[in-house]
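Peer 1: For reference, the sequence and a predicted model appear below.
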Amino acid sequence: CSRDWSSDVCSSDLLANVVIVAPLIRFPGIKRLEALAGAFAGLTLASIANGIGPMLALVLAGINLLEIAVALAIVARYRSRSVPIFAPCNLAVFFVGAGIIAPLVAGMSGAALLTVVERQTFLPVALHWFAADALGMFVVGPLILAAGCSDCLSLVRSPRRREVAAALLGIGLTTFGVFTQERYPALFLILPVIMLAIFRLRFIGAAIGVVTVASVASSLTLNGQGPIAHALADMDERLLFLQLFLAVVVVAKFPVAAVLVEREGMMAEARDAERRFRRLAETSPLALFRTDEDGVVTYGNAKWCELFGATAGAGWLSLVSPQQQRSAAEAWRQARAARHSFVGDYELTRADGGANWVGLALNPEIDHGGRIIAWTGAATDIDERRRAELAMAESERQYRLLADHSNDMIVRIRSEEHTSELQSRLHLVCRLLL
């Protein structure tokens, strides 16, 4: 048989599997059985149209279907469902499962079949099959996985469309300049331009970069221009090297875009959490506040400001009454040294100059190095309770003073069960006195 199967495998149906695998992963709503059945029929018809016999076309389509099934199974088994499919960890699973393992299985199976049926050499066919499918997965797969993400849609629908157009023009001109000269192997000049687009536009920048470079570089390389055409004479080798270059761009740049999107999502969640906390804090009946590591107030909610005024920039210890300053300062020093909570009841000076008893509780915020970076505190208004306790204590003191200096006999009965005993003892005392 004079048919060059290595060339056929490398140059035909390179994107067939990736345009089936990636959408099934990215859009779970697609009905898989119908999609796989349609893919099997399409692959079979494409092989027949390419001059392959019907029986062999069916078997080759079955091998491609095996590759698709292996890729889907690996991604489904090992992907993390707590993060988007285009997150770095899931892209790594896709690259390994769909970009390496699945094409390797299909390449070896297809090469073994063609070695037996068509008398082909196993290794060249296996390598070309693997390279064609793997590079297709690496280059086109991430583009499909990122399609429709909120980051892409927000950029496309925003006024930053001009920035998208500028990135497209910049990458296109750089690629055109690199591939219209043959003297210098300047492929590396394309990477910084794509990276700049990624930092500005995230996934849109990565997609623009890959698609633009692929379009411009492919057309010029097929026309015999550029450093790749100058270095390699065989057209299949040129295309293979160009795909390898694009795969390197995707593997190097798409995870960066994914990390940037993930970081922005985390920052947005943190901002939302902070807004929710502030809303709760502002409506709380407790006086909530925050200080730096030295106890200087940096935030106080509405209740705190109502009681003590806008005290930002002042230490909370300055609000403590002079009678308690020394004990509060010592307790605060011990809490900071031991890095544990500070709790106590203190009389603080109000904004109107009066005094208010509060139950203070401050908890340290400790960083990864074990250093206190801030304190969060709550002041519970216990003024009425505390003043009632003090009034009761003062009444008790006066009662005891009166009892100790009285010439009369004063008896305090603690419970009803001791009444009869006390009465009998009083009767005995009275008899002795009389």
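Peer 2: Yep, it's here.
Peer 1: Against which helices or strands is the longest helix along the chain packed?
Peer 2: Determined from DSSP state H, the single longest helix within the chain is helix 235-283. With contacts defined as 3 or more Cβ pairs under 8 Å, 6 or more residues apart in numbering; DSSP states H and E, the packing partners of helix 235-283 are helix 5-11, helix 88-96, helix 122-145, helix 190-201, helix 203-222, helix 226-231. The C-beta positions use only the backbone N, C-alpha and C, and glycine is treated the same way.
Peer 1: quick check: angle from the third one to helix 88-96?
Peer 2: Taking axes from the mean of the first three to the mean of the last three Cα atoms, to 10 degrees, one finds that helix 122-145 is oriented at 150 degrees with respect to helix 88-96.
Peer 1: how about helix 122-145: buried residues?
Peer 2: By 16 or more other Cβ atoms under 10 Å, the buried positions in helix 122-145 come out as 124-145.
Peer 1: Same check on the fifth one?
Peer 2: Of the residues in helix 203-222, those buried under the neighbour-count criterion (16+ other Cβ under 10 Å) are 203-214, 216-218, 220-221.
Peer 1: Identify the residues contacting Gly97.
Peer 2: Going by Cβ atoms under 8 Å, 6 or more residues apart in numbering, Gly97 touches 70-71, 74-75, 78.
Peer 1: ranking those by neighbours, who comes first?
Peer 2: Counting neighbours by other Cβ atoms under 10 Å, Ala71 leads those with 30 neighbours.
Peer 1: State the distance from it to Glu274.
Peer 2: For Ala71, the distance to Glu274 equals 41 Å [Cβ to Cβ, to the nearest Å].
Peer 1: Please apply the same query to Ile20.
Peer 2: Taking Cβ to Cβ, one finds Ile20 at 44 Å from Glu274.
Peer 1: What distance do you get for Thr283 to Gly377?
Peer 2: 18 Å.
Peer 1: quick one on the thing from earlier: of all the helices and strands packed on helix 235-283, which lies closest to Glu182?
Peer 2: Closest of the helices and strands packed on helix 235-283 to Glu182 is helix 226-231, at 4.0 Å (criterion: Cβ to Cβ).
Peer 1: Can you name every helix or strand that that closest one contacts?
Peer 2: Looks like helix 226-231 contacts helix 161-179, helix 203-222, helix 235-283 (3+ Cβ pairs under 8 Å, 6+ apart).
Peer 1: if I pick Leu168, what's in contact with it?
Peer 2: Per Cβ under 8 Å, 6+ apart, neighbours of Leu168: 208, 212.
Peer 1: One more pass at 6 Å, please.
Peer 2: Listed by Cβ atoms under 6 Å, 6 or more residues apart in numbering, the contact set of Leu168 reads Ile208.
Peer 1: Now find how far off-centre the longest helix of the chain is within its chain.
Peer 2: 9 Å (Cα atoms, centre = their mean, to the nearest Å).
Peer 1: C-terminal to that helix, what's the next element?
Peer 2: Next helix or strand after helix 235-283 toward the C-terminus (DSSP states H and E): strand 287-292.
Peer 1: Give me the next element, helix or strand, following that following strand.
Peer 2: strand 297-300.
Peer 1: what does the next helix-or-strand element following that next one contact?
Peer 2: Remark: after strand 297-300, the chain's next helix or strand is helix 302-308, criterion DSSP H and E. By Cβ under 6 Å, 6+ apart, the residues outside helix 302-308 that reach it are 282, 287, 289, 319, 350-351.
Peer 1: Output helix 302-308 as PDB, restricted to C-alpha atoms.
Peer 2: Extracted C-alpha coordinates of helix 302-308, given in PDB (Å, rounded to 0.1, in the frame of the first residue of the first chain):
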ATOM      1  CA  ALA A 302     -22.800  53.200  64.800                       C
ATOM      2  CA  LYS A 303     -23.400  52.100  68.400                       C
ATOM      3  CA  TRP A 304     -19.800  52.800  69.300                       C
ATOM      4  CA  CYS A 305     -19.900  56.300  67.800                       C
ATOM      5  CA  GLU A 306     -23.200  57.000  69.500                       C
ATOM      6  CA  LEU A 307     -21.600  56.100  72.900                       C
ATOM      7  CA  PHE A 308     -18.100  57.300  72.600                       C
END
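Peer 1: which parts of it are buried?
Peer 2: Those would be 303-305, 307-308, for helix 302-308 by 16+ other Cβ under 10 Å.
Peer 1: where does the stretch 101-250 of the chain dip in pLDDT?
Peer 2: 148-159 (pLDDT under 70).
Peer 1: Go again with 90.
Peer 2: 110-111, 114, 117-168, 181-188, 191, 197-215, 217-250 (pLDDT under 90).
Peer 1: Where does Met392 fall, secondary structure wise?
Peer 2: Met392 belongs to helix 383-404 when elements are defined using DSSP H and E.
Peer 1: Give the other helices and strands that that helix contacts.
Peer 2: Applying 3 or more Cβ pairs under 6 Å, 6 or more residues apart in numbering; DSSP states H and E, one finds that helix 383-404 makes contact with strand 355-366.
Peer 1: for the strand it packs on, what is the average pLDDT?
Peer 2: Average pLDDT, strand 355-366: 91.
Peer 1: now stretch 378-392
Peer 2: Per-region confidence: stretch 378-392 scores 79 on mean pLDDT.
Peer 1: sorry, back to before: could I get the helices and strands packed on helix 235-283 in CSV, plus columns for distance to Gly344?
Peer 2: Shown next, in CSV, are the helices and strands packed on helix 235-283 (distance: least, Cβ to Cβ, whole Å):
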stretch, distance to Gly344
helix 5-11, 78
helix 88-96, 47
helix 122-145, 56
helix 190-201, 51
helix 203-222, 53
helix 226-231, 75
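Peer 1: looking at those, which is closest to Arg387?
Peer 2: helix 88-96 (59.5 Å).
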